[in-house]
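S.K.: Compute the structure for the input listed below.
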Amino acid sequence: MTKELLYKLYIEENLTKTEIAKRLGTYHKKISELLKEYNITKSKEQYKQSREESIKRKYGVENISQLQSVKDKKKK
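M.R.: Okay, the predicted model is just below:
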């Protein structure tokens with residue numbers, strides 16, 4: 001994995017480490033190690049935004065506040 005590819009996925013596409021690992025067929029730990037080695041980091045705001053986007057994609061919602069209604073539907 002090149003530095004450029006990881007930068008593109010992690011910073012530009014704002015994917016989480018887990019999403020990158022799944023896409024590239026490797027482990028979260030390996031992605032973490034490479035990001036550290038390549039000195040690629042996100043600001044706290046970028047990290048928060050990527051987590052929120054990941055949650056939205058995972059649960060198919062447009063707003064995180066909709067998650068309670070998703071949880072309620074799953075209980076029924």
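S.K.: which regions of this structure lie under the pLDDT threshold?
M.R.: Applying pLDDT under 70 to the chain picks out residues 66, 68-76.
S.K.: repeat that for 80
M.R.: 64-76 (pLDDT under 80).
S.K.: Closest to the centroid, which residue in it?
M.R.: Nearest to the mean C-alpha position of the chain, by CA atoms, centre = their mean, lies residue 16 at 2.0 Å.
S.K.: distance of the residue lying closest to it once chain neighbours are set aside from residue 63?
M.R.: Nearest non-adjacent residue to residue 16, counting by CB to CB, 6 or more residues apart in numbering: residue 54, 4.8 Å away. All C-beta atoms are positioned from the backbone trio N, CA, C, and that covers glycine. Going from residue 54 to residue 63 by CB to CB, to the nearest Å gives 14 Å.
S.K.: and the two? which has more neighbours close in?
M.R.: Between residue 54 and residue 63, residue 54 has the larger neighbour count (other CB atoms under 10 Å), namely 15 against 8.
S.K.: re earlier: using the three-state scheme, assign the residue nearest to residue 16.
M.R.: helix (DSSP: H, G, I helix; E, B strand; the rest coil).
S.K.: Alright, that wraps it up for me.
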